[in-house]
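*Asks:* Okay, predicted coordinates and the sequence, questions at the end:
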Amino acid sequence: MSWGWEFFVAVGFGFLVTALAGLLLWKPAINLWVDSFIKRLMKDPYPENLSEMYNVFAKVGIRNILESDLRGTTGKALQRPFGSPKHFSEWDKLFFNSVYLTRKPVMESVAIDTKVVIGPNAKRPLYLDIPILIGGMAYGAGPSLQVKLALAKGADQVNTATNTGVGPFLPEERKHVKRLIIQYNRGYWAKEEEVLRQADAVEIQLGYGAFGSAPRIWDYQELSPEFRDYMKLKPGENMLEEATLPNVRNQEELAELVAYLRGVANGAPIGVKIGATHRLEEELNILTGAGIDFLSISGAEAGINYGPAILADDTGLPTLPALCRAVRFLEAKKLIGKISLIICGGLATPGQFLKALALGADAVGIGTIALLVIAHTQVSKVIPWEPPTELVYERGKYKDRFDIDTGAKSLANYLKSCKEEMVLAMRCLGKTSLKEISREDLSTVSPELAKLTRVELNLAPPGK
């Protein structure tokens, strides 16, 4: 038996009539419910009124309520994947000073030099084609092995460096990048001389911007089985980062470590990483007196893999004042051009990068934005049901879905795009090299920022 088209038309018409009838019947019911709900909102006293939640959200904040509930669930320190959501540094109140006839803009035919040198006085300086490098992110506590390899391959495509972070040394990472910064951490791992000899720079890690100098326990139960095997951990064995670096209690002991590392790493630049602090100058006085080649300073906006909220939100010094104060210190000590300065912490756009360089940084480090960039279109593999961390973190349920080469290409494209935008801005400034960029190329709408950064206030003509 075959059905003619008339049958299907009739069935379709029947469905349409049924749907319309249902809509007509439901409309009065929905209207009654909405009327009743609105009247209750307008009549019920606050203790009984649902709108009281609006006041609670406005007073406490949705994020604070959510995080308080999470604390109430676990009874442990809250751990956020990417640091604080707060914005402390007012980069958007700084503006570049374009030129027209007072100084000639740079023509398209003229090349712009974006190369930088980290540790110019080192026996074996670190040369980068762009002033943006990948900051320290640890395999195991943060990015997965696949993501670490993507970061390395992406950085290598644009001739910049990546950083091992506080995690273990990965031979696979070393294989995929020509410029590798190895962190000398506060734990016991990745300190063998055969590892340190493979460094293109060594970063002595004393703390992070979003974590300070707090000790950190890598709990065995929270580490992936693959990572436990990689670190050869015994069942139940945790990993510990001490609050201080063993055997480094003063400037003399730090100088001894610097000299030792310089010899083992065959003259590669030796630097120190700290989280910014209001005691910055006191710390820098000790650090620079130990014979280091570079400083890596991360502001309070820096990300941290599963860092406690109180350390990310309420400790440290924001990136912008940290940068300005560090530059003032290096100028006063006549160390500009001798000790390189890498600044990081919440930086994400080429405008922010170039402003940091104009204010005195030699290079900038990125972390959170790099992880988001390498995820790129691959986040479709986990959203809308899971966040991107489930794709890029070692503890993520879907880390095996991440494609290394696709992630590397996304990162390389992002870095190339940032370089192009920075070059365009430099042409507008009439500058052909990053070495020519200075505070004179900036102005600000904020009197407070003018005082901090030593750039001119642009609410009146220069000199007025």
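*Replies:* The structure has been received and is ready for your questions.
*Asks:* Please read off the pLDDT at the residue lying closest to Gly396 once chain neighbours are set aside from the model.
*Replies:* Take Gly396 and drop its neighbours on the chain: the residue closest to it by CB to CB, 6 or more residues apart in numbering is Glu390, 4.1 Å away. Every residue, glycine included, has its C-beta placed from N, CA and C. Confidence per residue is given as pLDDT, and for Glu390 that number is 88.
*Asks:* burial measure for Glu390, as a count.
*Replies:* Taking other CB atoms under 10 Å as the neighbour definition, Glu390 ends up with a count of 18.
*Asks:* Check Ala255 too.
*Replies:* Applying other CB under 10 Å, we find 16 residues neighbouring Ala255.
*Asks:* Tell me how far it lies from Ile286.
*Replies:* Between Ala255 and Ile286 the distance, using CB to CB, to the nearest Å, works out to 10 Å.
*Asks:* domains for the chain, by residue range?
*Replies:* 17-80, 91-457 (automatic domain parsing).
*Asks:* ok, of those domains, where does mean pLDDT dip lowest?
*Replies:* Per-segment mean pLDDT for the domains of the chain reaches its minimum on domain 17-80, at a mean of 71.
*Asks:* quick one, strands of the stretch 351-464 of the chain?
*Replies:* Ranges of strands in the stretch 351-464 of the chain, per DSSP state E, counting those that start in this stretch, are 363-366, 442-444, 456-457.
*Asks:* where's the second one relative to the chain centroid, distance-wise?
*Replies:* Between the centre of strand 442-444 and the centre of its host chain there is 25 Å, according to CA atoms, centre = their mean, to the nearest Å.
*Asks:* quick one: contacts of that strand?
*Replies:* By CB atoms under 8 Å, 6 or more residues apart in numbering, the surrounding residues in contact with strand 442-444 are 93-97, 355, 358-359, 450, 453, 455-458.
*Asks:* Please repeat the previous calculation with a cut-off of 6 Å.
*Replies:* Taking CB atoms under 6 Å, 6 or more residues apart in numbering as the criterion, the residues outside strand 442-444 that touch it are 93-95, 97, 358, 450, 455-456, 458.
*Asks:* show me the contacts for Asp313.
*Replies:* Applying CB under 6 Å, 6+ apart, one finds that Asp313 lies in contact with Ser84.
*Asks:* That one: which element?
*Replies:* Element membership of Asp313, judged by DSSP states H and E, is helix 309-314.
*Asks:* Just grab the bridge partners of Asn133 for me.
*Replies:* Small correction: residue 133 is Leu, not Asn. Under the criterion DSSP bridges, Leu133 forms beta bridges with Gly365.
*Asks:* for it, what are its contacts?
*Replies:* The neighbours of Leu133, taking CB under 6 Å, 6+ apart as the test, are 160-161, 363, 365.
*Asks:* do Arg179 as well
*Replies:* Counting by CB under 6 Å, 6+ apart, Arg179 has contacts 161, 200.
*Asks:* repeat for the one 5 residues further on
*Replies:* Tyr184 makes contact with 202, 204, according to CB under 6 Å, 6+ apart.
*Asks:* Now with 8 Å, please.
*Replies:* 190-191, 196, 202-205, 245, 257, 261.
*Asks:* Hmm, Val195 is touching Phe169, no?
*Replies:* Yes. The pair Val195 / Phe169 is scored as a contact, 4.6 Å apart, by CB atoms under 8 Å.
*Asks:* Please enumerate the shared neighbours of the two.
*Replies:* In the contact map built from CB under 8 Å, 6+ apart, the residues linked to both Val195 and Phe169 are Ile182.
*Asks:* And Leu223, how close does it get to Ala152?
*Replies:* Distance from Leu223 to Ala152, counting by CB to CB: 22 Å.
*Asks:* higher neighbour count, these two?
*Replies:* Neighbour comparison, Leu223 and Ala152: the larger count goes to Ala152, with 28 against 21 (by other CB under 10 Å).
*Asks:* how many other residues sit next to the residue nearest to Val379 when sequence neighbours are not counted?
*Replies:* Residue nearest to Val379 in three dimensions, not counting chain neighbours: Pro388, with 5.0 Å by CB to CB, 6+ apart. Counted by other CB under 10 Å, the residues lying close to Pro388 total 21.
*Asks:* One more: Glu331?
*Replies:* The number of residues packed near Glu331 is 11, by other CB under 10 Å.
*Asks:* Then Lys175?
*Replies:* Burial of Lys175, expressed as a neighbour count using other CB under 10 Å, amounts to 11.
*Asks:* now do Arg439
*Replies:* Close neighbours of Arg439, defined as other CB under 10 Å, add up to 17.
*Asks:* and it, how far is that from Leu323?
*Replies:* When Arg439 is compared with Leu323 (using CB to CB), they lie 11 Å apart.
*Asks:* Likewise for Ile292?
*Replies:* Taken as CB to CB, the span from Ile292 to Leu323 is 18 Å.
*Asks:* between these two, which one's more packed in?
*Replies:* Neighbour comparison, Ile292 and Leu323: the larger count goes to Leu323, with 29 against 25 (by other CB under 10 Å).
*Asks:* Could I get the buried residue list for stretch 225-234?
*Replies:* Judged by neighbour count using 16 or more other CB atoms under 10 Å, the buried positions of stretch 225-234 are 227-228, 230-231.
*Asks:* From the chain's centre, how far out is stretch 426-446? Work that out for me.
*Replies:* In this view, stretch 426-446 has its centroid 24 Å away from the chain centroid, taken as CA atoms, centre = their mean.
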